[in-house]
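Asks: What shape does this take:
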Amino acid sequence: MQQPKVLYLTNIPVPYREKMHEILASKHGIITYRVVYCAKTEPNRQWKLKEGNYDKVYMEEEATSLIHNNRSVIKHLAGYKPDVVISTGFNPTMLYAFVWCIFKGKKFIPFNDGTLFSESTFSVIHKLVRTIVFRFSAAFITTGIGGVDLYESYGISKDRIFISHLCVENSLYKLSDPPPKQYDLMFSGQLIDRKMPFFFIDVAKQVKQKLGTCKVLILGDGPLRNEVLAKLEEDKIDYDYPGFVQPDTIPVFYNRSKIFLFPTQSDPWGIVANEACASGVPVITCKNSGAADDLIINGYNGYVLPLETEIWANAALQLLTDEKLLQQFSVNAVISVQQYNPANAAKGIEDAVANSLI
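Replies: Just a heads-up that it's a prediction; the model follows:
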């Protein structure tokens, strides 16, 4: 067979995948690679990213919500004639591509970032769709060990599962001349209930009560912004709030922080954990995040704890009052994130494609 033509079908461009796409596009003589996007952006995204140098197509958006429904995907598939289609979701656009692959006898690879926890509340219909798609898929890609467990729960053997970690360009985050540490605790994420910004504030309040002081940094935006800021004022917590910060300017903020808190009701991964580790900032998170017990190892580069404010506050205090321990966790964070890089992410895709064609 000549080098396979691979079509990677996904929602929108994201900053933590651009470098990976460039690497895959450079695999001349191994694969021919194209990325097809459902849309240029989504209503809840504020990124202003620099587009990578790779073959890409933006489809005509046929839905105003986050549920993409691009019937024109059939036209793009027919024009490109891929041997392998990688799909990063189960919205109507992706399911059209799946059916096209079945009818055309092409290989279909789902790229699912879900975990057993994040998909535990899915409806019978959602799970049935996955069961059908997985039954006719040639290989499987996920972002970490939580995704491997999810695939295995559907009866998929581990030798057909490949990992393509979500990642950042680590070298951009650990600054050679870092600024002084200004913040005891840092939060970065959408200001929505799922990201638990009020839990973060409650932890900061307890740290302040026990330590006497606690300065925090809040990055992000969302519908809870005014309530979050009002709560910080009410609890008399010393804070800075730059708002939403673009990816190319965010490293300096991490480097000014001592500890990153990552509470969540549910996150299939959590790219903020990569950003913090790459900056040498220990992470405290919970088992609701896919990065927990994968990138974030309890007692090594951070803590994976139950969502109880006192437990989190005590863990933060342990690091804030033990400079040697904080420094060791910082070193460990940088070491542990190195394997989570665009080259390895691209290799996971490449290996899945090769396996699908055996």
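Asks: where's the nearest residue to residue 357 once chain neighbours are set aside relative to residue 73, distance?
Replies: Excluding the flanking residues, the one nearest residue 357 by Cβ to Cβ, 6 or more residues apart in numbering is residue 4, at 6.1 Å. Glycine gets a C-beta too; all of them are placed from N, C-alpha and C. To residue 73, residue 4 is 19 Å away according to Cβ to Cβ, to the nearest Å.
Asks: Equivalent analysis for residue 269, please.
Replies: Counting by Cβ to Cβ, the gap from residue 269 to residue 73 is 25 Å.
Asks: and if you look at residue 321?
Replies: For residue 321 relative to residue 73 (Cβ to Cβ), the value is 55 Å.
Asks: One more: residue 49?
Replies: 23 Å.
Asks: okay, the two: which has more neighbours?
Replies: Set side by side, residue 49 and residue 73 show more neighbours around residue 73, with 27 against 17, by other Cβ atoms under 10 Å.
Asks: unless I'm mixing things up, that one is touching residue 9, no?
Replies: Yes. With contacts counted by Cβ atoms under 8 Å, residue 73 reaches residue 9, the gap being 7.0 Å.
Asks: burial measure for the nearest residue to residue 178 once chain neighbours are set aside, as a count.
Replies: Spatial nearest neighbour of residue 178, excluding adjacent residues (Cβ to Cβ, 6+ apart): residue 255 at 4.3 Å. Using other Cβ under 10 Å, residue 255 has 19 neighbouring residues.
Asks: which residues does residue 255 contact?
Replies: Contact analysis of residue 255 by Cβ atoms under 8 Å, 6 or more residues apart in numbering lists 173, 174, 175, 178, 179, 279, 280, 281.
Asks: and what of residue 169?
Replies: 19, 341, 342.
Asks: I'd like the distance between the second one and residue 348.
Replies: What that stands for is residue 341. Distance of residue 341 to residue 348, computed by Cβ to Cβ: 11 Å.
Asks: shared neighbours of these two, anything?
Replies: Common neighbours of residue 341 and residue 348 are listed as residue 165 (criterion: Cβ under 8 Å, 6+ apart).
Asks: contacts for stretch 325-334?
Replies: Applying Cβ under 8 Å, 6+ apart, the external contacts of stretch 325-334 come out as 170, 174, 258-259, 276-283, 300-302, 318-320.
Asks: Out of these, which end up buried?
Replies: Buried subset of the contacts of stretch 325-334 (neighbour count, 16 or more other Cβ atoms under 10 Å): 170, 174, 258-259, 276-283, 301-302, 319-320.
Asks: From those, which shows the smallest pLDDT?
Replies: Least confident of those in the model: residue 174, at 86.
Asks: Could you confirm it falls within a helix?
Replies: No. Assigned with DSSP: H, G, I helix; E, B strand; the rest coil, residue 174 falls outside any helix and is coil.
Asks: residue contacts, it?
Replies: With Cβ under 8 Å, 6+ apart, residue 174 has these contacts: 255, 278, 279, 280, 334.
Asks: What residues does the fourth one make contact with?
Replies: In this structure, residue 280 makes contact with 174, 255, 330, 331, 333, 334, judged by Cβ under 8 Å, 6+ apart.
Asks: Over to the second one?
Replies: Taking Cβ under 8 Å, 6+ apart, we find residue 278 in contact with 168, 170, 172, 173, 174, 254, 333, 334, 337.
Asks: Skipping adjacent residues, who's closest to it in space?
Replies: residue 173 (3.6 Å).
Asks: Count the neighbours of the one you found for me.
Replies: Residue 173: 22 neighbours (other Cβ under 10 Å).
Asks: Just confirm it contacts residue 279, I think it does.
Replies: Yes. Using Cβ under 8 Å, residue 173 is in contact with residue 279, at 4.4 Å.
Asks: anything in contact with each of these two?
Replies: Counting by Cβ under 8 Å, 6+ apart, the residues touching both residue 173 and residue 279 are 251, 254, 255.
Asks: which one of these is nearest residue 185?
Replies: Comparing the shared contacts of residue 173 and residue 279 against residue 185 with Cβ to Cβ places residue 254 closest, at 12.2 Å.
Asks: mind giving me the domain split of the chain?
Replies: Listed by automatic domain parsing, the domain ranges of the chain are 5-166+341-356, 170-337.
Asks: worst average pLDDT in those domains?
Replies: Least confidently modelled of the domains of the chain is domain 5-166+341-356, at a mean of 94 by mean pLDDT.
Asks: Let me see the ranges of the strands in the stretch 51-200 of the chain.
Replies: Ranges of strands in the stretch 51-200 of the chain, per DSSP state E, counting those that start in this stretch, are 56-58, 84-87, 107-110, 140-142, 161-163, 183-188.
Asks: now the last one: how far from the chain's centre is it?
Replies: This means strand 183-188. 19 Å (Cα atoms, centre = their mean, to the nearest Å).
Asks: So which elements touch it?
Replies: helix 197-211, strand 215-219, helix 251-255, strand 257-262, helix 271-278, helix 309-320 (3 or more Cβ pairs under 8 Å, 6 or more residues apart in numbering; DSSP states H and E).
Asks: Can you give the distance from stretch 162-169 to the centre of its chain?
Replies: Counting by Cα atoms, centre = their mean, stretch 162-169 comes out at 9 Å from the chain centroid.
Asks: next one: stretch 333-341
Replies: The chain centre lies 15 Å from the centre of stretch 333-341; the measure is Cα atoms, centre = their mean.
Asks: Show me which residues of it are buried.
Replies: 333, 334, 336, 337, 340, 341.
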